[in-house]
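Asks: Quick one: sequence plus predicted model below, questions after.
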Number of protein chains: 2
Amino acid sequence: MSYRAQEIAANLRKARLAKGISQRELSDLSGVPQAQISRIEASSVDPRATSLLALAHALEMELALVPRKALPAVRMISKQTSGQDSKALGQAVKEWNRISERLRILQMESPALDAVKRLQKSFADLQRFQVQFAAPESLKRLRQALEKIKEPLTQPEALSRSQDLMRNLSKELAQSTELAHSDERVRPAYSLDEDDDA
Amino acid sequence: MSYRAQEIAANLRKARLAKGISQRELSDLSGVPQAQISRIEASSVDPRATSLLALAHALEMELALVPRKALPAVRMISKQTSGQDSKALGQAVKEWNRISERLRILQMESPALDAVKRLQKSFADLQRFQVQFAAPESLKRLRQALEKIKEPLTQPEALSRSQDLMRNLSKELAQSTELAHSDERVRPAYSLDEDDDA
DNA sequence: TATTTTAATGTATTTTAAGATATCAATTTC
DNA sequence: GAAATTGATATCTTAAAATACATTAAAATA
């Protein structure tokens, strides 16, 4: 299996984790059996074009043939959450989705609580950050705090703890993205020397 | 065979013709049998990843997994001479290469002729244009004129005819590229709304 | 016009992905 | 701590790509 083939396989896995879905869910979406997805992601098979395309499409991606010279530019544009630790990314996305869901339910159950509304708002504001910069643990703690909020407020501290954790998360994200962007060059995202040989 | 699979196959063919090589040459370069290349280009098979990669690499291209949203931008960057008539493109490139070769030989055979030097120079200047905008017939006529130039100048008109044809070609290319670029918008090549959902 | 090149197609054989199913260990969840 | 989920494997069958040839029609070339 060539290096590029492995790279494509690795990117498929990353894309799946970035969507926070399991191989079985992707199997349902794409029609490719879970066992086969496992083999493909592990680069233990040489997949057919249609298999790659089925998976790519289920992940809202495309397989494109690009000039080698344009590859760096293409990479920049696709910004494939690259280099990121796949596992942590997957966990982060998963937690993120669970928090969203939890907040949605909380608002259904306790429409009277203004604090919930504010939590919802704060969280929505964090959408603009890239989830992958959040530590899965921070997200998990926040989720667990949110899950302790129940209508007869037997544990009023759950609310304030949620608020604290939400603030921390916000800070954490702000710092991480700041760091992540600090090494971005000023040069344009791509510069193609407009050649077209021949 | 899905639409995207066909698109990839079509692009492989275009890339091959753009390099002006035959299926057999590509076969030698890539290790993929000529018969198989024919079937792949015709989308009559569902190729394996390694087959696509072998062909792509021999054509100095890469197979990249890109977010669907980024596809238009990627297409713009790779500027796949799309919509172009593959056949004409192939012929043009071929003629182009033959003219280059002919001029090289002419300069070896008749280093004294200044006219040849000038022809060589003019032709080199045309490199900056995209070959595919040249009509294969114009190129062919120029080549044929060049082939009539022989050291004991029995046909002196061959030289002046070559010069005329070279001038015409130059004009033709200038006009075509002007036309081809006239609909280019001023907006940046891509605008990615930096989302990363999740 | 004769010759060569090119691309497509046919056939037979080998190799291997795909698919269906089941299982299993390791997490994760409740 | 029991139950569910997840990813990786194993087995078996089927379908199809890959390969090595051979052949042909059309086009390009001499």
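Replies: Now that the structure is in, tell me what you want to look at.
Asks: Got phi/psi on A:Ser100?
Replies: Comment: the main-chain dihedrals of A:Ser100 come out as phi -60, psi -50, following degrees, to the nearest 10.
Asks: Show the contacting residues for it.
Replies: A:Ser100 sits next to A:Phe123 when contact means CB atoms under 8 Å, 6 or more residues apart in numbering or on different chains. Placement of C-beta: from N, CA and C, glycine included.
Asks: Swap in 7 Å and give it another go.
Replies: When contacts are counted by CB atoms under 7 Å, 6 or more residues apart in numbering or on different chains, A:Ser100 touches no other residue.
Asks: Next one: A:Glu62 from DNA strand D, what distance?
Replies: When CB to the nearest atom of the strand, to the nearest Å is applied, the distance between A:Glu62 and DNA strand D equals 20 Å.
Asks: Look at that residue and give its secondary structure.
Replies: The assignment at A:Glu62 comes out as strand when based on DSSP: H, G, I helix; E, B strand; the rest coil.
Asks: State the pLDDT value of it.
Replies: For A:Glu62, the pLDDT comes out at 94.
Asks: Do I have it right that it meets B:Lys69?
Replies: No - with the criterion set as CB atoms under 7 Å, A:Glu62 and B:Lys69 do not qualify as a contacting pair; they are 9.6 Å apart.
Asks: Tell me where chain A has helices.
Replies: For chain A, the helices defined by DSSP state H occupy A:3-18, A:23-30, A:34-41, A:49-58, A:71-78, A:86-109, A:114-125, A:136-147, A:156-181.
Asks: how about a markdown table for the ones you listed, with distance to DNA strand D and mean pLDDT added?
Replies: Conversion of the helices of chain A to a markdown table gives the following (distance: least, CB to the nearest atom of the strand, whole Å; pLDDT from 0 to 100):
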| stretch | distance to DNA strand D | mean pLDDT |
| --- | --- | --- |
| helix A:3-18 | 7 | 92 |
| helix A:23-30 | 4 | 94 |
| helix A:34-41 | 3 | 96 |
| helix A:49-58 | 8 | 96 |
| helix A:71-78 | 22 | 75 |
| helix A:86-109 | 7 | 77 |
| helix A:114-125 | 22 | 80 |
| helix A:136-147 | 14 | 84 |
| helix A:156-181 | 21 | 75 |
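Asks: mind giving me the domain ranges of chain A?
Replies: In the assignment given by automatic domain parsing, the structural domains of chain A cover A:3-78, A:86-181.
Asks: Can you tell me which of the ones you listed is most buried?
Replies: The densest packing among the domains of chain A, expressed as mean neighbour count by mean count of other CB atoms under 10 Å in any protein chain shown, is seen in domain A:3-78 with a mean of 19.
Asks: Now do that one: distance to the chain's middle.
Replies: Relative to the centre of its chain, domain A:3-78 is centred 15 Å away, using CA atoms, centre = their mean, to the nearest Å.
Asks: can you check stretch A:139-152 too?
Replies: Mean-position distance between stretch A:139-152 and its chain equals 22 Å (CA atoms, centre = their mean).
Asks: Quick check: residues of chain A near chain B?
Replies: Listed as neighbours of chain B in chain A under the rule CB under 7 Å from any CB of the partner chain: A:2, A:4-5, A:8, A:11-12, A:46-50, A:52-53, A:56, A:60-68, A:70-71, A:73-74, A:77-78, A:93, A:96, A:130-131, A:190, A:192, A:196, A:198.
Asks: From those, pick out the ones that also neighbour DNA strand C.
Replies: Applying CB under 7 Å from any atom of the strand to these, one finds that A:Asp46, A:Pro47, A:Arg48, A:Thr50 fall near DNA strand C.
Asks: Could I get the contacting residues of the second one?
Replies: Going by CB under 7 Å, 6+ apart, A:Pro47 touches A:Ile40, B:Arg48, B:Ala49.
Asks: how much space between it and DNA strand D?
Replies: 10 Å.
Asks: before we move on, what about A:Leu59?
Replies: The spacing between A:Leu59 and DNA strand D, counted by CB to the nearest atom of the strand, is 13 Å.
Asks: what's the pLDDT at that residue?
Replies: The score at A:Leu59 is 94. That number is its pLDDT.
Asks: my read: it touches A:Arg16, true?
Replies: Yes - the pair A:Leu59 / A:Arg16 is scored as a contact, 6.1 Å apart, by CB under 7 Å.
Asks: Make TSV from the contacts of A:Pro47 and add distance to B:Ser138 to it.
Replies: Listed next are the contacts of A:Pro47 as TSV, based on distance: CB to CB, whole Å:
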residue	distance to B:Ser138
A:Ile40	49
B:Arg48	41
B:Ala49	41
